[in-house]
Structure formats: C-alpha cells, structure tokens
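Peer 1: Sequence first, then the predicted structure, then my questions.
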Amino acid sequence: MARYIGPKSKIARKFRDPIFGPDKYLEKKNYPPGQHGNSRRRKTSEYGTQLQAKQKAKYTYGILEKQFRNIFHEASRKKGITGENLLQLIEARLDNVVFRFGISPSRSGARQLVLHRHITVNGKVVNIASYTVKPGDIIGVREKSKSLFVITESLKSNARNFSWLEWDPEKLQGKFLNMPSRDEIPENIQEQLIVELYSK
C-alpha cells in the first residue's frame, strides 16, 4: 500500500476529526463521505472500531502498515504501557519532530524536507523520515536551507510550543528533551484499541 495522496477532507470526514489540520470543508460537512453520510450504516463491530482506531493513527502520522506494525512490536517489547510506548515512538520519528517544531506546516511537508536533505540531527544531514530521535538530540535546518521560503514562512505562522521540545529561533534548531507523556500528546488517538487489535 502506497501513501495516501487523495482528498484529505474525505479522510477527515471519515473519522470526523481534522487529522490533517484545520479543515473548513469538514466543518461544513461533519459526517462520513457517501450519500448523505450513509446514515443507515450498520453498527460498527468491535473489530471494526479497533481497525478504525489504527487507520486513524496511520493517516494522522502518515505511516504505512508495515512500518506501523514494526513500531508496535518495538513498543510491546519496551517496559511500560504498550499504547503509550507506541505513541512515544511515533512522536520521536524525525519527520514528526520537524513538524512539531513548526519547520513545516504538515507532516507530509516535513517528510519531504527530510528526504530532500534539508534537516540535520546533531549537525549531520539525515534523510530518513523514520529516523528515531533520542532525548538530547539537536534537530536543525541545514545551513544552505535556512533561507528556503517554505521553511521561513512555516516558522512565522506555525510557531509551536511543546514541553518535550526546545526551539532556538536564532539558530533554527531545536532540542528533543525527552519522550512526551501521553497527556502531552494532543492527537485524539485511542491507542488502547490499537493494542487490542494487534494482541488478537
């Protein structure tokens, strides 16, 4: 399965949640796509609810099935709550960290910046979007890329502040302080349902 590149509002309507950011179309039509929201749909089964929770997380973070499954297996091997471990590992992906810092207005844009070698980790260019950032790592914009319009405009309008991140606007770099706790992660994801799905 390739990455989804279709209409984002359609997916947001499916989950009734602006998972790709503010969505005026979703506000107007806050019901599932289809003929008038297909109000006569059958009640979703337990499996269906769990699957939907996983799909929502995958679309939100832009992760493919195989990658998502691998992250889950890694989370289940770690000490602590598997669901929280899962979200922490996803939050520590380089593309997500770039997005959280506001270097890009979207996760897909952040992924592109990483792949095009505009991002550094501890002073070295890293072009792997799934690279896992560790506490203490310094993530920055490569010197030659600091004047890129897409980056400067994003930082102007998308300044974000998260307790586990520390941003230096002068150097255009930030520090990944620690793994976020579950209550610090703003995404509306039911990770326990994902754990139940993979535990079957």
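Peer 2: Great, that's in hand.
Peer 1: where do the strands sit along this protein?
Peer 2: Along the chain, the segments classed as strands by DSSP state E run 119-121, 124-125, 138-141, 165-168, 173-176.
Peer 1: quick check: mean pLDDT across the fourth one?
Peer 2: To tie it back to what came earlier, the one meant is strand 165-168. On average, the pLDDT along strand 165-168 is 96.
Peer 1: Now it: buried residues?
Peer 2: 165, 167 (16 or more other CB atoms under 10 Å). For the C-beta atoms, the positions are set from N, CA and C on the backbone; glycine is no exception.
Peer 1: Dump it to CSV, keeping only the CA atoms.
Peer 2: Extracted in CSV, the C-alpha atoms of strand 165-168 (Å, rounded to 0.1, in the frame of the first residue of the first chain):
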residue,chain,number,x,y,z
LEU,A,165,10.9,20.2,22.7
GLU,A,166,13.1,23.3,23.0
TRP,A,167,13.4,25.6,19.9
ASP,A,168,16.1,28.3,19.2
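Peer 1: Remind me what that strand packs against, helices and strands.
Peer 2: Secondary-structure packing of strand 165-168 (3 or more CB pairs under 8 Å, 6 or more residues apart in numbering; DSSP states H and E): helix 94-101, strand 173-176.
Peer 1: For residue 72, which of those is the nearest?
Peer 2: Closest approach to residue 72 among the helices and strands packed on strand 165-168 (CB to CB): helix 94-101, 16.0 Å.
Peer 1: any idea how far that closest one is from the chain center?
Peer 2: What separates the centre of helix 94-101 from the centre of its chain is 8 Å, taken as CA atoms, centre = their mean, to the nearest Å.
Peer 1: Which neighbouring elements make contact with that helix?
Peer 2: With contacts taken as 3+ CB pairs under 8 Å, 6+ apart, helix 94-101 sits against helix 82-91, helix 107-115, strand 119-121, strand 138-141, strand 165-168.
Peer 1: Let's see that with 7 Å instead.
Peer 2: Judged by 3 or more CB pairs under 7 Å, 6 or more residues apart in numbering; DSSP states H and E, helix 94-101 is in contact with helix 107-115, strand 119-121, strand 138-141, strand 165-168.
Peer 1: is it possible to export the ones you listed to a markdown table including distance to residue 86?
Peer 2: Formatted as a markdown table, the helices and strands packed on helix 94-101 follow (distance: least, CB to CB, whole Å):
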| stretch | distance to residue 86 |
| --- | --- |
| helix 107-115 | 17 |
| strand 119-121 | 22 |
| strand 138-141 | 21 |
| strand 165-168 | 19 |
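Peer 1: Considering only helices and strands, which part of the chain has the lowest mean pLDDT?
Peer 2: When the helices and strands of the chain are scored by mean pLDDT, DSSP states H and E, helix 24-28 comes last with a mean of 50.
Peer 1: mind showing which ranges of the protein have poor pLDDT?
Peer 2: 1-42, 159 (pLDDT under 70).
Peer 1: Can you give me the domain boundaries for it?
Peer 2: Split into domains by automatic domain parsing, the chain comes to 8-89+188-198, 94-178.
Peer 1: just wondering, since we're on the residue positioned nearest the centre of the chain, how far is it from residue 46?
Peer 2: Centroid-nearest residue in the chain, with CA atoms, centre = their mean: residue 61, separated by 3.0 Å. Separation of residue 61 from residue 46 (CB to CB, to the nearest Å) stands at 24 Å.
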